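[1] turn this into a structure:
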Amino acid sequence: MKTFNEGAAADTAATLTASQTVFPILLALSFSHLLNDTMQSLIPSIYPMVKDSFHLSFSQIGLITFTFQVSASVFQPLVGSYTDKRPQPYALAIGMCFTLLGLVSLSMASSFNIVLLSVGLIGIGSAVFHPEASRVARMASGGRHGMAQSLFQVGGNAGSSLGPLLAALILLPYGRFQIIWFSLVALLAIIILSWVGGWYKQNLARNVVKKAGSAVRQDTHLSKGKVVFAITILLLLIFSKYIYMSSISSYFTFYLIDKFGVSIQSSQIYLFAFLFAVAAGTFIGGPVGDRIGRKYVIWISILGAAPFALLLPYVNLFWTGVLSCIIGLILSSAFSAILVYAQELIPGKVGMIAGLFFGFAFGIAGIGSAILGSLADQTSIEYVFRICSFLPLIGLLTGFLPNLEKKKV
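    Here you go, the predicted structure:
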């Protein structure tokens, strides 16, 4: 049994440990996020192949995205809320096993229904990964929450940018079955996440210390009604961001092929450039938010992309490539700032908030993709891009968010 002095020393050590940034864990999470999202990004990257081989409509392409995104979104708040109360250190590795099964199934899919089942399994893996990895990133942040979330997010966005490039280099020349090789990537991620789970299990005291700190900060919080209002605005901002991002990630290749007559491989390179810009922008948002305030980053990110988004449908191929990269760079800096802002609004619910926002982002992107695919069938891809160009204007709602920095003591 511990003496009083030993217990006090242990508490002091836990507090000191919680104030230190654990970069090996953050880098492991970022790299795992890269691996996870590289595998997920193969799904939209093979759409032109799947569309031809199974003779699909744009509505069916949208249904694939819808199935993946909804399976990824529905479970995320549930996973986050459950693990807020009952931490599961090895959930990350277990979730990646679902992704592994989905990849193997997708590589051998012989029908549209099997494709849907496969992407659903990959979505479940994502539903476990994102809220839990976000929680561990916050635990390892040492108080630099924006930086930690950005470092975590940049891995994912870098992975998303690799999907189209790998599709152009490997899948398009050699066929969809080559997805099977990416199961090795899933196995590597399982090994890394098992190590992260071991660290998580040994450092649960960090979570206790952070919850205690959150309870102290709660005195500075807004009324319940204002918190709900602020969360609603943040979700509307996520709506505008992710519907627009979904229009690019799911249909940009088709837009370029239809409007400019580029090859499938060339269209994948343009998509890679956009997603690479997204990765770069993600890394900028969090640290800048730590310095100048998250509300200002949200302002600049979502509303700042509006002029370029409005121009995009009316320019030539060169400027389409340039503007898409500018939009990706600006728009992507918002998510880390939005997530940390929301976690500061409701302290002590890190997993639930991460699950809610990741889940909502995935779900709204899936629903949006399905609706946009149906709209493209009825009109044209170019018309879809013109309609979506107005979405960043929703960023004007940022003006209604309270300035949390002013409330800090």
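
[2] report the next helix or strand after the helix or strand bottoming out on mean pLDDT in the chain in sequence order.
    One helix or strand of the chain scores below all others by mean pLDDT, DSSP states H and E: helix 4-18, with a mean of 44. Next helix or strand after helix 4-18 toward the C-terminus (DSSP states H and E): helix 23-45.

[3] what residues of the helix or strand just after that next one count as buried?
    Sequence order places helix 47-53 as the next helix or strand after helix 23-45, per DSSP H and E. Of all the residues in helix 47-53, those buried under the rule 16 or more other Cβ atoms under 10 Å are Tyr47, Pro48, Val50, Lys51. For the C-beta atoms, the positions are set from N, CA and C on the backbone; glycine is no exception.

[4] any weak-confidence spans in the protein?
    1-19, 205-221, 285-286, 289-290, 405-409 (pLDDT under 70).

[5] and the strands in it?
    For the chain, no strands are identified by DSSP state E.

[6] find the centremost residue of it, please.
    Phe358 (6.2 Å; Cα atoms, centre = their mean).

[7] what's the neighbour count on the closest residue to that residue other than its chain neighbours?
    Among residues not flanking Phe358 along the chain, His130 sits closest, at 4.2 Å (Cβ to Cβ, 6 or more residues apart in numbering). Neighbourhood size, His130 [other Cβ atoms under 10 Å]: 30.

[8] picking up where we left off before, out of the buried residues of helix 47-53, who's nearest Met147?
    Tyr47 (34.5 Å; Cβ to Cβ).

[9] what's that closest one in contact with, if anything?
    Ile61, Ile64, Ser250, Thr253, Phe254 (Cβ atoms under 8 Å, 6 or more residues apart in numbering).

[10] what about 7 Å?
    Tyr47 is in contact with Ile61, counting by Cβ atoms under 7 Å, 6 or more residues apart in numbering.

[11] same check on Ser246?
    Contacts of Ser246 (Cβ under 7 Å, 6+ apart): Ala365, Gly368, Ser369, Leu372.

[12] so what's the third one closest to, chain neighbours aside?
    What sits nearest to Ser369 in space, not counting adjacent residues and going by Cβ to Cβ, 6+ apart, is Thr65, at 3.7 Å.

[13] could you find the closest non-adjacent residue to Leu35?
    Leu35 sits nearest to Ala189 (Cβ to Cβ, 6+ apart), 4.3 Å away.

[14] surely the one you found touches Asn36?
    Yes - proximity of Ala189 to Asn36 meets the contact threshold set by Cβ atoms under 7 Å, at 6.2 Å.

[15] looking at it, Glu344 is touching Leu404, isn't it?
    Yes - counting by Cβ under 7 Å, Leu404 is a contact partner of Glu344 at 5.6 Å.

[16] shared neighbours of the two, which are they?
    With Cβ under 7 Å, 6+ apart as the test, Glu344 and Leu404 reach no residue in common.

[17] and the contacts of Ser246, which of them are buried?
    The buried subset of the contacts of Ser246 (16+ other Cβ under 10 Å) comprises Ala365, Gly368, Ser369, Leu372.
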